[in-house]
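**Student:** need a 3D model of the sequence below.
(one chain, ligands or ions: 1)
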Amino acid sequence: MKIFVTGGAGFIGSAFIRYLLSNYDNKILNYDKLSYAGNLNSLASISNNKNYSFIKGDICNKSHLSKSIINFKPDLVVHFAAETHVDRSINNPEEFINTNIIGTYNLLDECLKYWNKNFVKENTFRFHHISTDEVYGDLKKNEFFSEYTPYDPSSPYSASKASSDHLVRSWFRTFGLPITITNCSNNYGPYQYPEKLIPLMILNAIENKPLPIYGDGSQIRDWLHVDDHVRAIDLVLSEGKVGETYNIGGKNEKTNLDVVYTICDLLNEIKIKKNSLQFSYRSLIEFVEDRPGHDKRYAIDNSKISKQLGWKQEESFESGLKKTIEWYLNNLSWCKEVQKGEFSRQRTGILKSNYKQK
Ligand code: NAD
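**Tutor:** Alright, predicted model coming up:
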């Protein structure tokens, strides 16, 4: 099988490629523009694998994308490429509209042309779209996001992902393109760009920098280890029904504050701060202005994927978080490498008054 992966140099895409290459004999082409969030270092362990190739390409460049698909002749397209950081979508929504909406349209359109030409009789082609639970918006206590929950996105990021989901579904209903979609909860694990909550807190803590908590930190997210997400995608690709959407989530609801407390306590336990037994990483916590439009709660009802496809998570949040912390502590050179340039873990996503007036 030949698999065309977009965004394979990012956090989840690279975990997916590493997983596929160690479990199957598939040919994989990673098509990634290498934005600030895309790093080939995350794929160093498999870069010499004979089944792996890479093209630096932008899904917003339709003619380049078209040539790359036609030359590679994929049986399967798995679409991870996106702008993904909510805070950045507040300061610079245009990038999100371009990549997440127009880029997804380009990919759908080029896949449809390619599929119409090559797969008219044998229906083995599949377009799989990776999405997020954030498209469903804010959730009340005791409710869960199911595949039937109406979309109600709050941020430019989640609105652009919602838009891309609608486009993908419409390419199935209108043109018959064989698609599947997964909407997953918050992922954590190795190789996540250090602007996201968990790596940001780990790296700030070990440098004795403040740990910024947005608002009062009571926002609830449903955390899933990236390897459990990747296994779920694999299952949907092999067993999922064309045209269907599957929600993926680990039933690990935690407030942001609890996540940070746990990171602090695990760091204390790992005793990397050896110089003072009195020191508590929790003392670095600082409460800062909340994110505008910050959703209070996300939580996934995973009964469809569990009952219909037999998926279940393997990693508990506690063990997964400990392993993740250890991974960051052992891979500080990766962290340093990916942060070079414009990003120094500064706060983004605060409304500027001139931006509001536009
Ligand atoms: P990431 O930001 O770590 O990586 C995104 C990748 O896409 C990068 O390698 C980047 O270079 C590439 N990319 C960006 N714009 C591109 C373009 N125009 N053309 C080609 N490549 C481009 O993201 P991630 O966390 O790995 O997320 C991957 C997908 O999973 C996204 O679609 C995201 O919406 C979805 N998702 C993420 C989470 C999460 O918690 N991280 C949860 C659910 C769903």
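
**Student:** which other helices and strands does the helix or strand that Trp115 is a member of contact?
**Tutor:** Per DSSP states H and E: Trp115 is located in helix 104-118. In this structure, helix 104-118 packs against helix 62-72, strand 76-79, strand 126-132, helix 156-175, with contacts taken as 3 or more CB pairs under 8 Å, 6 or more residues apart in numbering; DSSP states H and E. Where you see a C-beta, it was placed from the backbone N, CA and C, and this is true even at glycine.

**Student:** try 6 Å this time
**Tutor:** For helix 104-118, the contact count by 3 or more CB pairs under 6 Å, 6 or more residues apart in numbering; DSSP states H and E identifies helix 62-72, helix 156-175 as packing neighbours.

**Student:** that helix near the ligand anywhere?
**Tutor:** No. Shown here: helix 104-118 not in contact with the ligand (CB under 6 Å from any ligand atom), separated by at least 9.1 Å.

**Student:** tell me how far that helix lies from the chain's centre.
**Tutor:** Centroid displacement of helix 104-118 relative to its chain, using CA atoms, centre = their mean, to the nearest Å, is 23 Å.

**Student:** and that helix, what's buried?
**Tutor:** Buried residues in helix 104-118, counting neighbours by 16 or more other CB atoms under 10 Å, are found at Thr104, Tyr105, Asn106, Leu107, Leu108, Asp109, Glu110, Cys111, Leu112, Tyr114, Trp115.

**Student:** ok, now stretch 262-269?
**Tutor:** Buried residues in stretch 262-269, defined by neighbour count with 16+ other CB under 10 Å: Thr262, Ile263, Cys264, Leu266, Leu267, Asn268.

**Student:** please, which helix or strand holds the residue nearest to Pro178 when sequence neighbours are not counted?
**Tutor:** Take Pro178 and drop its neighbours on the chain: the residue closest to it by CB to CB, 6 or more residues apart in numbering is Val242, 4.5 Å away. Under the criterion DSSP H and E, no helix or strand holds Val242.

**Student:** measure how buried Val242 is and give me the count.
**Tutor:** 14 (other CB atoms under 10 Å).

**Student:** number the residues from 800 up from this point.
**Tutor:** Got it, the first residue is 800 from now on, which makes the last one we talked about Val1041.

**Student:** need the phi and psi values for it.
**Tutor:** Backbone torsions for Val1041, taken as degrees, to the nearest 10, come to phi -60, psi 140.

**Student:** quick one, grab the pLDDT at it.
**Tutor:** The confidence metric pLDDT takes the value 96 at Val1041.

**Student:** cool, and Lys1073?
**Tutor:** Predicted confidence (pLDDT) at Lys1073: the value is 59.

**Student:** next one: the one 3 residues further on
**Tutor:** What the model reports for Leu1076 is a pLDDT of 56.

**Student:** picking that back up, out of the helices and strands packed on helix 903-917, which comes closest to Arg925?
**Tutor:** Between Arg925 and these, the shortest gap by CB to CB is with helix 955-974, which sits at 10.9 Å.
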